[in-house]
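**Student:** sequence? don't have it. structure:
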């Protein structure tokens, strides 16, 4: 049986985690780790200790040209995701890109274009949360219109607490030029992807952010966004890295019910026995008065199901790696096709642009305007080159 | 002992409720019902059946001039709150105004001005929720900085379900000229008042609304607002009348903890043992890694208290009436001074103006602009006179 020979670019926390799956034999025969790359040569010793048979590269292009890898995963700072992905795909090497797909849509589009020119090369993205059974269930419920069409959605996701020490770890972290943003670029991309995957793409975006609100950083550690899906349907998305008592509350109201997800563990599904508008139109004033007086039990009007989920750490990442390999080898459908990675990036870009301009912007944002305002910040920061 | 002779203007659902307190002897000796007024003469019979000794008036000015009342309560359509209040105070008659104080700030300011010219006449407002022990507790916690300064607040209050039949009851309901708005003017003023009472007044307001979203009405039945308190502190306020599975979730994040109120019944207070910024600055990277791996229990960093409240229907209204009388007779501090009623009205006005203009506006809104846009809608509706 053929194996996919995988190379990991970037041997930090995430790259190290993926490598550990091979050491601990958690992956199937479909995948084999054959190379690791990191610009920090100190890492070579660490890699060799754990994986004596693996080739270490300092330059990722040397790895791509070595003939040792069929596929790569890019656990590197976000700005490199697109550049490295393009170089891999051009060489016929399959790409499992880390999230986010890139920092800005213009860059991601270049990657998608190259991918389209190489249809035989797999381009997947590491949205491990899409393998989470809870969110797969919510996606299925929404796709099957179990609660009808969406009326509103709210996600308060402030469980991304990061202390100052975390930001002080690496020079590039939480900078405009090195990372391209804060919580929206680093932590919340999981939920930005899930939100639009489950609830759809908005038309307009308004966001308030605070930059260096409660941390000594220049990028956003606090975001409150209000998006417009059209026809009166809106959504709120709230995230931050300064809430040690993090809230994770996700609600979707539909024409026929409501879905509530608490702490990414508990899923409550309330389905109305009739469409809400029918209930509204058919109720007599006598019943209305009874309802207001608490003499009519609204629980008679709906069914409720509560599901509890437990997801083990690392499991999701293994699922993504396995799916990537099974797609290349057997044509299994991808959990997250690479081109879908642009949606969450666009949402983050639109939120940044709205916050910078102080007004509502289109989800299909003006990319030139976004990049100009980002480059203004990179220039002011004075540590990194401007982006193209 | 002197009694306050009370007149009720408007014998509808609310006016009838207040009258019932007298019939059922739920009020103290401080208050006596002496007159009722309603433009609908059919109501006279109903009033006489329950209260044979009470004088019925068709015209509220006749009641004010009758010498039979020391104080009034105005359970009438919102546009009349200011006009009737002004007429009462001018005559030295104490006013317990129904919420909202008025439909628009310009009108409420006229009422406040007259009230200031008559400092001996009591002007209170019927914010019964301010007597709710749960919200009094939250107010006390915030005033005493138990969770420090506020970082963000969210209130999803969609328990105001109203079916189409409710809107069809009266001609004036859910019209621009007769009511002045939808859920923000009729149902949510309670929470608009509590929100700013507890969390403070914002500086800027952005709101999305849907008018006749899921009901056959011209005003808003769906609101999603994002307000800015300055210095990075924001708030979200979400309300509607089309969610039969209503959510009531109110959260305040502070520098030293978090307050969560669920269903206006359950209050969770999480207080950090140290300020969050101190925790952030003091945590070693070893502990950060432990925390991420789930090896450090964040529960060691805070204390949690859960309080359950049960509030009986009607009780709050009785408390407001008693407080009003005790203020007049004994100088007890008012639960809600009338002039404070303008804050919630301003919040609602700013939300409307923002939604109409499609942009963020100042909380201290342009009243002329608001009134022009309101009058445009009243003119188009063609049923009522424009407002001044």
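**Tutor:** Yes, it's here. If you're wondering where the values come from, they're calculated on a predicted model, not measured in any experiment.
**Student:** quick one: the residue of the stretch 1-150 of chain A found nearest chain B from residue B:275, how far?
**Tutor:** Residue of the stretch 1-150 of chain A nearest chain B, by Cβ to the nearest Cβ: residue A:13 (8.8 Å). In short, each C-beta sits where N, CA and C put it, glycine included. Distance, residue A:13 to residue B:275, using Cβ to Cβ, to the nearest Å: 28 Å.
**Student:** with neighbour numbers in mind, choose between those two.
**Tutor:** Using other Cβ atoms under 10 Å in any protein chain shown, the more surrounded residue of residue A:13 and residue B:275 is residue B:275, with 16 against 11.
**Student:** how about the helices in the stretch 1-150 of chain A?
**Tutor:** A:13-23, A:42-50, A:60-65, A:80-90, A:105-117, A:133-143 (DSSP state H, counting those that start in this stretch).
**Student:** list the helices and strands the second one packs on?
**Tutor:** Applying 3 or more Cβ pairs under 8 Å, 6 or more residues apart in numbering or on different chains; DSSP states H and E, we find helix A:42-50 packed against helix A:13-23, strand A:55-57.
**Student:** contacts for the shortest one, please.
**Tutor:** So the one you mean is strand A:55-57. Residues outside strand A:55-57 that contact it (Cβ atoms under 8 Å, 6 or more residues apart in numbering or on different chains): A:7, A:34-38, A:43-44, A:47-48, A:63, A:66, A:68.
**Student:** nearest to residue A:341 among those?
**Tutor:** residue A:7 (19.9 Å; Cβ to Cβ).
**Student:** helix/strand/coil for the residue of chain A most remote from its centre?
**Tutor:** In terms of distance from the mean C-alpha position of chain A, residue A:286 ranks first, at 48.8 Å (Cα atoms, centre = their mean). Here residue A:286 is recorded as helix under DSSP: H, G, I helix; E, B strand; the rest coil.
**Student:** can you pull the pLDDT of it?
**Tutor:** Here the pLDDT value assigned to residue A:286 is 85.
**Student:** likewise the one 3 residues further on?
**Tutor:** As predicted, residue A:289 sits at a pLDDT of 80.
**Student:** can you list phi and psi of the residue nearest the centre of chain A for me?
**Tutor:** The structure's chain A has its C-alpha centroid closest to residue A:190; by Cα atoms, centre = their mean the separation is 2.6 Å. Per-residue torsions, residue A:190: phi -60, psi -50 (degrees, to the nearest 10).
**Student:** ok, it - contacts?
**Tutor:** A:99, A:127, A:128, A:129.
**Student:** just give me the neighbour total for the first one.
**Tutor:** In other words, residue A:99. 22.
**Student:** just checking, it touches residue A:126?
**Tutor:** Yes: between residue A:99 and residue A:126 there is a contact at 5.4 Å, judged by Cβ atoms under 8 Å.
**Student:** drop anything exposed from the contacts of strand A:55-57.
**Tutor:** A:7, A:34, A:35, A:36, A:37, A:38, A:43, A:47, A:63, A:68 (16 or more other Cβ atoms under 10 Å in any protein chain shown).
**Student:** in a markdown table: the residues you listed, plus distance to residue A:135.
**Tutor:** Output for the buried ones among the contacts of strand A:55-57, formatted as a markdown table (distance: Cβ to Cβ, whole Å):
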| residue | distance to residue A:135 |
| --- | --- |
| A:7 | 29 |
| A:34 | 32 |
| A:35 | 32 |
| A:36 | 31 |
| A:37 | 32 |
| A:38 | 32 |
| A:43 | 33 |
| A:47 | 33 |
| A:63 | 33 |
| A:68 | 35 |
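**Student:** give the contact list for the nearest residue in space to residue A:166 that is not next to it in sequence.
**Tutor:** Leaving aside its sequence neighbours, residue A:166 sits nearest to residue B:288 (Cβ to Cβ, 6 or more residues apart in numbering or on different chains; 5.7 Å). When contacts are counted by Cβ under 8 Å, 6+ apart, residue B:288 touches A:163, A:165, A:166.
**Student:** what's across from the closest residue to residue A:308 other than its chain neighbours in the sheet?
**Tutor:** Leaving out its chain neighbours, the residue that sits closest to residue A:308 by Cβ to Cβ, 6+ apart is residue A:266, at 5.7 Å. Beta-bridge pairing of residue A:266 under DSSP bridges involves residue A:262, residue A:308.
**Student:** contacting residues for residue A:266?
**Tutor:** A:306, A:307, A:308, A:309.
**Student:** could you check how far residue A:260 is from chain B?
**Tutor:** In this view, residue A:260 and chain B are 8 Å apart by Cβ to the nearest Cβ, to the nearest Å.
**Student:** and that residue, helix, strand or coil?
**Tutor:** strand.
**Student:** so it touches residue A:268, yeah?
**Tutor:** Yes: contact criterion Cβ under 8 Å: residue A:260 and residue A:268 qualify, at 4.4 Å.
**Student:** so for those two, which residue has more residues nearby?
**Tutor:** Neighbour comparison, residue A:260 and residue A:268: the larger count goes to residue A:260, with 19 against 15 (by other Cβ under 10 Å).
**Student:** report pLDDT for the more buried one.
**Tutor:** 98.
**Student:** same thing with residue A:1?
**Tutor:** 60.
**Student:** hey, where'd the strands end up in the stretch 201-350 of chain A?
**Tutor:** Along the stretch 201-350 of chain A, counting by DSSP state E, counting those that start in this stretch, strands occupy A:204-211, A:220-230, A:233-240, A:248-254, A:257-262, A:266-272, A:302-308.
**Student:** what's the angle between the second one and strand B:233-240?
**Tutor:** Orientation of strand A:220-230 against strand B:233-240 (axes from the mean of the first three to the mean of the last three Cα atoms, to 10 degrees) gives an angle of 30 degrees.
**Student:** ok, now the fourth one?
**Tutor:** Taking the same axes, to 10 degrees, strand A:248-254 and strand B:233-240 form an angle of 30 degrees between their directions.
**Student:** secondary structure class for residue A:373?
**Tutor:** Applying three-state DSSP: residue A:373 is helix.
**Student:** so it sits against residue A:356, correct?
**Tutor:** Yes: here residue A:373 reaches residue A:356: they are 4.9 Å apart, a contact under Cβ under 8 Å.
**Student:** higher neighbour count, the two?
**Tutor:** residue A:356 (19 against 16).
**Student:** element containing that one?
**Tutor:** helix A:341-357 (DSSP states H and E).
**Student:** what of residue A:198?
**Tutor:** With DSSP H and E as the test, residue A:198 turns up in helix A:189-199.
**Student:** that helix: how far from the chain's middle?
**Tutor:** 6 Å (Cα atoms, centre = their mean, to the nearest Å).
**Student:** which stretches of chain A have low pLDDT?
**Tutor:** A:1, A:312-313 (pLDDT under 70).
**Student:** how does it divide into domains?
**Tutor:** A:4-127+A:314-337, A:130-310+A:344-381 (automatic domain parsing).
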